[in-house]
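Asks: coords please:
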Amino acid sequence: MSLHPTIGTFHPPADAPQADADDAADPDDELADDSPAPGRGSRTGRAARAAGFHLGAIALFSLPAVALWWHVWSGHPSSTLTCACGDPAQEVWFMAWPAWAMAHLHDLFFSGAVNVPHGANLLSNTSGTLVGVVLAPVTWAFGPVTATNVALTLAPALSAWGCFAAIRPLVTWKPGAIPAGLVYGYSAAIVTSLAFGHVSVTWLVIPPLLFTTLHEIVIRQEHSVRRDGLVLAALMVVQFLISPEILVMCLLLAAAGLLAVMAVGWRQVRARAGHALPALGLGAGVTVALLAYPAWFGQAGPQAVTGVLFPLAPVLGVPLSGVLSPGQYGAFAKGYVRFGGYLGRNGPPADYVGGGMALAAVAAVVAARRRPLTWLLLFLTAVTLWLALGGYLEGAPTWAGHPWLPWRELSRVPLLKEILPDQFAPLLTLFVAFLLAVGLDALYVAHRRPTSWVARHRYPVTAAATALVAVVALVPVFVTFDLPFRVVPLRTPSYMRQVAPALPGNSVLLTVPFAVSGSPQPMLWQAADDYHFRLAGAALKTPNALGGPVGSGAPGSARRILTDLTVLGGPEPTATPAQIATVRRALQSWQVDDVVIDGHSRDPVYASGFFTRVLGTAPAYDHGAWVWRLQPGGPTASAATGAPLSQCRGYAAAPGTRSDPLAMSRCVLFASGRS
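Replies: You can find the predicted model right below:
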């Protein structure tokens, strides 16, 4: 059987290369393929050469990533991030937990270090567990910040390599896999997620390999049923442990592709069912057996979160115009940049490929129009874009009305509720990348026989086209994003750096800023301290009484009060009797040992007055932090009463000044007659 895939026949496509003496003696073909000839050297030697080849490819694809993160690797990777806030800070915690859990024989999927006493289900969050496991040696040796920077640097390189390795078996012109890898690994979708520190949705090495494996099972069938089924199972398990959402999206697109193949070439597919069905069944069976427990744990295990995790999931898609236009999303995107934790220039929409790449893709379709694989990839490109648009067509012209989009209905399916439709954007770029490689291969194959000047110079012509596509592939990254990424040095507060590590083991800290969505700094401090202390609260998805994400908490709850002390947006707590009683009950319920006000929050001095009234005692001022050490069982002193807290603001010391930092607390106690 030919290496070229077909849908409707076992025979190669009409433009596929035919073996002849000229081809056999062609030295460039030898250089283009890393697969050694049968019988040449030992199996170990062949494996070593193949491993060396692919390691070299990963190194090549890493060069643009190093350029993107140059400010990190030319400085201090153990103390530098795009932001010590938002999603990057949360990712450090996600990266640190697997290393700590393995070293202390704890659960990889559940953490009791946060949201005390309930803990947090990490499979209900974008934890990327497997990435943390793989990079655990880096975490142990250099710390979780370094491991996070390694993960974010490797993400585009490994994703590009995955595309490169996946498309090579499907084409004869092997160098064409290089620009395909660059198009995919350095797509706008992946680079945007890199800036926000999203590890789990940037390690996208598995989706291209899944496509090739399914194509092998259904179409090519060059390997054994057992080999194909086990490879499929391994890829699905690995992808689940990186990102279950990405796996679900891959399966959705796989189903669409399989339906298309069956509709176009039912007779040929039926003839191949003897291989395809057992391989698919074996892959599904092994996958279900291995993932039954973690899938249950993430959906129904302790502290699992159900329902819509992101309120905008049904509608938040990419703009149709974004495919060609690098224009920004507007006010929402700029706000998300600040919230997400990246302070640099916002890049283009996630579905952006640019005019040059779009023209190259069209040319590829024309060049490879006789190949069924081309039409399968074109179909999947259209389906993926349709899904990525979300539930409503953003920026649609008035004459278009409100066209029906599939995500409007799919977003109601339980397994799809947790997926943001714009997460399909990297997969859209994947199919475009595959199309480019197939088009370059068609250009090469069409001129194998020396009948024209182009044919006689097919190597330089195809190589020039390949180089041009590779250059165009990187233009969106290096033109529309900051290069290198903006980064900032991490500054852990003095108390958290010097005093917290000496606290009694497993002490529970309630911090201001409070650990809540949008405020992950306490979790960053905890990860840097190797989880020596535990936290009340968590900047993670944890369930409310109904099982949905608790978020900032219900109005009047302790979580909401502490959130309003931490971030702007809600009304500033005024220490009413109801608020005092609520917070005191929470301190006891959460088993808090120490209340610590440190680092950046809404108004730390005002917060010191608030907790002075709640706890009825003045804090100690230690290493720039206001600290209360509670007795077992929670606060014992009665709450203070008196004049409104706003009347004591004039006595407060501004952070960083030489004024008395305890002036606010003394004012509160004086007003209550306790001075």
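
Asks: quick one: low-confidence ranges for the stretch 451-600 of the chain?
Replies: Applying pLDDT under 70 to the stretch 451-600 of the chain flags the ranges 451-458.

Asks: how about 90 then?
Replies: Scanning the stretch 451-600 of the chain for pLDDT under 90 picks out 451-488, 490-491, 505-506, 517-519, 544-553, 568-570, 599-600.

Asks: which residues of it fall in strands?
Replies: Assigned by DSSP state E, counting those that start in this stretch, the strands in the stretch 451-600 of the chain fall at 488-489, 508-512, 534-535, 594-597.

Asks: closest one to Pro476 among these?
Replies: Among those, strand 488-489 comes nearest to Pro476, with 24.8 Å by CB to CB. C-beta here means a position set from N, CA and C on the backbone, and glycine is covered the same way.

Asks: Direction included, what does the closest one pair against?
Replies: Strand 488-489 has its sheet partners listed here by DSSP bridges as strand 80-81 (antiparallel).

Asks: can you tell me the average pLDDT over the strand it pairs with?
Replies: Strand 80-81 shows an average pLDDT of 91 in the prediction.

Asks: Please point out which parts of the following helix or strand past that strand sit buried.
Replies: Downstream of strand 80-81, the first helix or strand assigned by DSSP states H and E is helix 86-103. Within helix 86-103, the residues that qualify as buried are 86-101, counting by 16 or more other CB atoms under 10 Å.

Asks: Closest to Leu282 out of those?
Replies: Closest approach to Leu282 among these (CB to CB): Pro98, at 29.1 Å.

Asks: The closest one: what's it in contact with?
Replies: Residues near Pro98 by CB atoms under 8 Å, 6 or more residues apart in numbering: 108, 129, 132-133, 136, 139.

Asks: in the chain, which residue is closest to the centre?
Replies: Closest residue to the average C-alpha location of the chain: Val201 at 2.6 Å, with CA atoms, centre = their mean.

Asks: ok, and the closest non-adjacent residue to that one?
Replies: In space, not counting the residues next to it along the chain, Val201 is nearest to Ser193; the distance is 5.2 Å by CB to CB, 6 or more residues apart in numbering.

Asks: Model confidence score at that neighbour, please.
Replies: On pLDDT, Ser193 comes in at 90.

Asks: Around it, how many other residues sit close by?
Replies: Using other CB atoms under 10 Å, Ser193 has 25 neighbouring residues.

Asks: I'd assumed Thr202 was in contact with it.
Replies: Yes: Ser193 is within contact range of Thr202, at 4.8 Å (criterion: CB atoms under 8 Å).

Asks: now the helices for the stretch 351-500 of the chain?
Replies: For the stretch 351-500 of the chain, helices defined by DSSP state H, counting those that start in this stretch occupy the ranges 355-367, 372-388, 407-410, 425-445, 453-456, 458-480, 494.

Asks: For Ser187, find the nearest of these.
Replies: Taking CB to CB, helix 425-445 is the member of the helices of the stretch 351-500 of the chain nearest to Ser187, at 3.8 Å.

Asks: Distance from the closest one to the middle of the chain?
Replies: Relative to its chain's centre, helix 425-445 lies at 24 Å (CA atoms, centre = their mean, to the nearest Å).

Asks: Likewise for stretch 377-389?
Replies: Mean-position distance between stretch 377-389 and its chain equals 21 Å (CA atoms, centre = their mean).

Asks: Just the C-alphas of that stretch, formatted as PDB.
Replies: Extracted in PDB, the C-alpha atoms of stretch 377-389 (Å, rounded to 0.1, in the frame of the first residue of the first chain):
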ATOM      1  CA  LEU A 377      -8.600  18.300   6.100                       C
ATOM      2  CA  LEU A 378     -10.500  21.000   4.500                       C
ATOM      3  CA  PHE A 379     -13.700  19.600   5.900                       C
ATOM      4  CA  LEU A 380     -12.200  19.400   9.400                       C
ATOM      5  CA  THR A 381     -10.900  23.000   9.100                       C
ATOM      6  CA  ALA A 382     -14.400  24.200   8.300                       C
ATOM      7  CA  VAL A 383     -16.000  22.200  11.100                       C
ATOM      8  CA  THR A 384     -13.400  23.400  13.600                       C
ATOM      9  CA  LEU A 385     -13.900  27.100  12.600                       C
ATOM     10  CA  TRP A 386     -17.700  26.700  12.900                       C
ATOM     11  CA  LEU A 387     -17.300  25.300  16.400                       C
ATOM     12  CA  ALA A 388     -14.700  28.000  17.400                       C
ATOM     13  CA  LEU A 389     -17.200  30.800  16.500                       C
END
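
Asks: Closest one of the contacts of Pro98 to Ser519?
Replies: Nearest to Ser519, judged by CB to CB, of the contacts of Pro98 is Gly132 at 21.9 Å.

Asks: in the longest helix along the chain, what's buried?
Replies: The residue-count maximum for a helix in the chain (DSSP state H) belongs to helix 273-300. Of the residues in helix 273-300, 275-276, 279-280, 282-283, 286-287, 290-291, 294-295, 297-299 count as buried by neighbour count, 16+ other CB under 10 Å.

Asks: What count of nearby residues applies to Val367?
Replies: Not Val; residue 367 is Ala. Ala367 is surrounded by 22 other residues when neighbours are defined as other CB under 10 Å.

Asks: Leaving out chain neighbours, which residue sits closest to Arg560?
Replies: Gly553 (4.0 Å).

Asks: OK, contacts around the one you found?
Replies: Taking CB under 8 Å, 6+ apart, we find Gly553 in contact with 516, 559-560, 563.

Asks: Please list the residues outside stretch 470-480 that contact it.
Replies: So stretch 470-480 is contacted by 64, 68, 178-179, 182-183, 186-188, 191, 326, 347-348, 352-354, 356-357, 360, 483 (CB under 8 Å, 6+ apart).

Asks: Local confidence estimate at Ile419?
Replies: 84.

Asks: close enough to count as contact, it and Val248?
Replies: Yes: assessed by CB under 8 Å, Ile419 is found in contact with Val248 at 6.6 Å.

Asks: neighbour-wise, which of the two wins?
Replies: Ranked by neighbour count (other CB under 10 Å), Ile419 and Val248 place Ile419 first, with 23 against 18.

Asks: Tell me how far that one lies from Thr542.
Replies: According to CB to CB, to the nearest Å, Ile419 and Thr542 sit 20 Å apart.

Asks: Report how many residues lie close to the closest residue to Leu503 other than its chain neighbours.
Replies: Using CB to CB, 6+ apart and skipping the chain neighbours, the partner closest in space to Leu503 is Phe533 (5.7 Å). The local packing of Phe533 (other CB under 10 Å) involves 24 other residues.

Asks: what's Phe533 in contact with, if anything?
Replies: Shown in contact with Phe533 (CB under 8 Å, 6+ apart): 500, 503, 506-509, 526.

Asks: can you rerun that using 10 Å?
Replies: Contacts for Phe533 (CB atoms under 10 Å, 6 or more residues apart in numbering) come out as 113, 496, 500-501, 503-509, 511, 522, 525-526, 593-594, 596.

Asks: Of those, keep whichever come out buried.
Replies: 113, 496, 500, 503, 508-509, 511, 522, 525-526, 593-594, 596.

Asks: of the residues you listed, closest to Leu253?
Replies: The closest of the buried ones among the contacts of Phe533, once distances to Leu253 are taken by CB to CB, is Ala113, at 36.6 Å.

Asks: Let me see the contact set for the closest one.
Replies: Per CB under 10 Å, 6+ apart, neighbours of Ala113: 93, 96-97, 100-101, 106, 119-120, 506, 508, 523, 526-527, 531-535, 538.
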